[in-house]
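Asker: sequence-free structure coming up:
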């Protein structure tokens with residue numbers, strides 16, 4: 001287990017979480033946003049903020065964050081209850097609801113986006129652009145493999 005990639009991922013995840021909780025200005029803490037907002041919810045707000053000029057739907061959130069429909073629904077419902085997003089019908093399909101940030105959320109998302117960029121810069125310091133590119137390629141391949149495992153396991157259950 002000593003050389004386990006899974007364990008290394010777990011360690012990195014724990015360290016990122018700890019560093020985000022312990023950052024100097026508490027940007028990522030729940031107290032900072034004065035909301036009961038999880039890290040994933042903040043990531044969703046950031047994604048909506050980055051894609052403000054596009055129409056973003058729940059299925060886009062599911063795809064971007066590799067989460068199930070039920071998880072996305074729960075996240076979006078909570079963000080809506082906190083008055084951080086609204087859902088608006090689109091003309092071409094009444095069943096589809098595009099996701100929009102409220103003014104309150106835009107302020108929070110903009111601040112978090114800036115702090116996240118600085119945080120990422122800090123954790124990647126000393127790592128070359130080429131190494132980062134290789135890491136991204138490897139992570140994408142791992143994601144692909146995990147998606148295939150999930151699909152194959154889902155097919156076996158049927």
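Answerer: Perfect, I can see it now. If you're wondering where the values come from, they're calculated on a predicted model, not measured in any experiment.
Asker: what distance do you get for the residue nearest the centre of the chain to residue 87?
Answerer: Geometric centre of the chain, nearest residue: residue 43, 3.7 Å, by C-alpha atoms, centre = their mean. Note on residue 43: its distance to residue 87, by C-beta to C-beta, to the nearest Å, is 18 Å. For the C-beta atoms, the positions are set from N, CA and C on the backbone; glycine is no exception.
Asker: same question, residue 66
Answerer: 22 Å.
Asker: same question for residue 4.
Answerer: Distance from residue 4 to residue 87, by C-beta to C-beta: 42 Å.
Asker: of these two, which one has the most company?
Answerer: It is residue 87, of residue 4 and residue 87, that has more neighbours when counted by other C-beta atoms under 10 Å, with 15 against 10.
Asker: quick one: list the elements packing against the helix or strand encompassing that one.
Answerer: In this structure, residue 87 sits in strand 85-90 according to DSSP states H and E. For strand 85-90, the packing partners by 3 or more C-beta pairs under 8 Å, 6 or more residues apart in numbering; DSSP states H and E come out as helix 69-81, strand 93-101.
Asker: let me have these in JSON lines, extended by mean pLDDT, mean neighbour count and distance to residue 59.
Answerer: Output for these, formatted as JSON lines (pLDDT from 0 to 100; neighbours: other C-beta atoms under 10 Å; distance: least, C-beta to C-beta, whole Å):
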{"stretch": "helix 69-81", "mean pLDDT": "96", "mean neighbour count": "16", "distance to residue 59": "8"}
{"stretch": "strand 93-101", "mean pLDDT": "91", "mean neighbour count": "14", "distance to residue 59": "9"}
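Asker: so which of the ones you listed is nearest residue 16?
Answerer: Residue 16 sits nearest to helix 69-81 of all the helices and strands packed on strand 85-90, at 19.3 Å, using C-beta to C-beta.
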